[in-house]
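K.L.:
below are the sequence and a predicted model; questions follow.
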Amino acid sequence: MHTMTYADTPHLTLVTASNEMPLLSLPPVEPIQFLQAIISTLDPHHAFTMLNHFLMNVIHHTGWEYYWTHVNSIPTAATLRLSGGKTDRHSLEYTLVFNDREMGVLKLMRGRRFTEAEQTHIEALIGLAAPALHNALQFHELNAQLERDVLTELGNRRALMTQGQAWLADCERQQRPASMLALDLDKFKLINDQYGHPTGDRVLIAVAQVLRQVTRAADLCVRMGGDEFVILLPGADIIQAMECAERLRHALTALVLTTPEGQTLNISASIGLATYRPGYTLQQLYEKADAALYAAKHAGYNQVLVGSRSAAAHHHHTLVQ
Ligand SMILES: Nc1nc2c(ncn2[C@@H]2O[C@H](COP(=O)(O)OP(=O)(O)OP(=O)(O)O)[C@@H](O)[C@H]2O)c(=O)[nH]1
């Protein structure tokens with residue numbers, strides 16, 4: 001096994017730079033302590049906060065921002081924006097690179113200009129931190145992929161489970177309403193049977209696009225599996241959720257899709273709506289919405305129904321599969 005030593009780490013010489021360089025006027029950073037701190041986390045926010053904490057001791061900047069817009073990446077992981085402190089007049093931007101791969105841009109801000117000596121120091125610390133930042137960013141991307149539905153690029157069941165509960169807790173704390181829609185395409189099996197699975201897939205992709213268009217950026221749209229989707233609407237009471245559900249239902253019936261053979265096909269969806277009440281779990285909210293969806297199908301498809309507690313009690317679809 002190859003062990004990394006100080007000698008292998010070119011940046012380190014800069015941190016502990018010797019006499020000719022004007023770095024001695026800056027307070028030193030203990031490299032081991034710095035590295036230990038920064039490799040101790042796989043959370044990018046924590047890693048960048050840690051880096052800035054050490055940097056602040058040296059350059060006394062007032063604020064920082066980090067953003068990553070990775071063109072080749074998937075939408076969920078593509079944009080990562082982190083920040084700390086407050087913005088100020090002078091700023092420095094560093095494009096972070098590790099193993100020839102761009103990892104985003106770090107911006108440092110303060111009221112005074114940054115001197116050359118400080119810039120050398122900053123570069124040295126960023127260089128030291130780069131592998132750890134890279135690991136944290138990779139971990140973030142991997143997690144985002146685990147929460148993504150590969151076909152539609154919406155979130156998946158796992159995304160709903162990991163993010164949904166936190167969103168509901170936020171709404172409860174802020175005393176805001178929240179609602180959930182459970183949506184299932186009507187007789188989707190027939191589309192697969194009639195036009196083939198690839199066309200069925202294209203329908204699902206088109207449905208996902210409609211979901212994104214009709215909902216707000218703050219809403220969470222996920223594909224639960226097959227032709228079932230769930231939309232969590234933070235801030236939406238029953239009226240607003242009903243409006244959203246109807247907008248969705250109309251947009252889906254208005255969708256005209258063409259098969260590779262030139263045939264046109266139409267779709268519709270049944271939607272169950274449930275509104276959050278303080279104390280509900282995500283599972284309870286989902287049961288309520290899912291029971292309403294089931295009732296909407298039974299009532300003759302292509303409609304929105306609101307869930308009741310009693311209906312949910314007889315219905316036992318769970319979030320975990
Ligand atoms: N093309 C495609 N089809 C899928 C996928 N996943 C599940 N399905 C199909 O989706 C269909 C789901 O059908 P159901 O929801 O059970 O029933 P339905 O035909 O929609 O009937 P109702 O629910 O009563 O409206 C099944 O035929 C599955 O094979 C997928 O990723 N792509």
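P.N.:
Good, I have the coordinates.
K.L.:
look up how far Val256 lies from the closest residue to the ligand within the chain.
P.N.:
Residue of the chain nearest the ligand, by Cβ to the nearest ligand atom: Gly200 (2.5 Å). In this view, the C-beta of every residue, glycine as well, is placed from N, C-alpha and C. Counting by Cβ to Cβ, to the nearest Å, the separation of Gly200 from Val256 is 16 Å.
K.L.:
ranges for the helices of this structure?
P.N.:
Secondary structure of the chain, counting by DSSP state H: helices at 10-15, 31-39, 44-59, 75-78, 116-146, 157-173, 188-195, 197-214, 238-254, 282-298, 309-313.
K.L.:
domain-wise, how is this protein divided?
P.N.:
Per automatic domain parsing, the domain ranges recorded for the chain read 2-146, 157-313.
K.L.:
could you dump the ones you listed to a markdown table with mean pLDDT and mean neighbour count?
P.N.:
Converted to a markdown table, the domains of the chain look like this (pLDDT from 0 to 100; neighbours: other Cβ atoms under 10 Å):
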| stretch | mean pLDDT | mean neighbour count |
| --- | --- | --- |
| domain 2-146 | 81 | 16 |
| domain 157-313 | 94 | 18 |
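K.L.:
out of those, nearest to Leu319?
P.N.:
Leu319 sits nearest to domain 157-313 of all the domains of the chain, at 5.4 Å, using Cβ to Cβ.
K.L.:
ok, and the closest non-adjacent residue to Ala251?
P.N.:
Leaving aside its chain neighbours, Ala251 sits nearest to Val210 (4.9 Å; criterion: Cβ to Cβ, 6 or more residues apart in numbering).
K.L.:
for the stretch 151-300 of the chain, what lies in contact range of the ligand?
P.N.:
Residues of the stretch 151-300 of the chain found near the ligand (Cβ under 6 Å from any ligand atom) are 151, 184-189, 192, 197, 200-201, 204, 226-227, 297.
K.L.:
and which of the residues you listed is nearest to Leu106?
P.N.:
Using Cβ to Cβ, Leu151 comes nearest to Leu106 of these, at 34.7 Å.
K.L.:
on that earlier part again, go through the residues of the stretch 151-300 of the chain next to the ligand and name the one nearest Leu142.
P.N.:
Lowest distance from Leu142 to these (Cβ to Cβ) belongs to Leu151, with 19.1 Å.
K.L.:
contact partners for that closest one?
P.N.:
Neighbouring residues of Leu151 by Cβ atoms under 8 Å, 6 or more residues apart in numbering: 201, 204-205, 223.
K.L.:
go with 10 Å
P.N.:
Leu151 makes contacts with 201-202, 204-205, 208, 223, as judged by Cβ atoms under 10 Å, 6 or more residues apart in numbering.
K.L.:
then Ala130?
P.N.:
Taking Cβ under 10 Å, 6+ apart as the criterion, Ala130 is in contact with 11, 38, 51, 96-99, 103.
K.L.:
and if we set it to 8 Å?
P.N.:
Contacts for Ala130 were tallied using Cβ under 8 Å, 6+ apart; they are 96-98, 103.
K.L.:
redo the residues you listed as a markdown table? Include distance to Thr120.
P.N.:
Shown next, in a markdown table, are the contacts of Ala130 (distance: Cβ to Cβ, whole Å):
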| residue | distance to Thr120 |
| --- | --- |
| Leu96 | 17 |
| Val97 | 17 |
| Phe98 | 19 |
| Met103 | 21 |
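K.L.:
got CSV for the residues you listed, with distance to the ligand too?
P.N.:
Below are the contacts of Ala130 laid out as CSV (distance: Cβ to the nearest ligand atom, whole Å):
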residue, distance to the ligand
Leu96, 37
Val97, 38
Phe98, 36
Met103, 33
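K.L.:
which of these lies closest to Gly279?
P.N.:
Met103 (42.2 Å).
K.L.:
which residue sits closest to that closest one, ignoring its sequence neighbours?
P.N.:
The shortest distance from Met103 to any non-neighbouring residue, by Cβ to Cβ, 6+ apart, is to Leu96 (4.2 Å).
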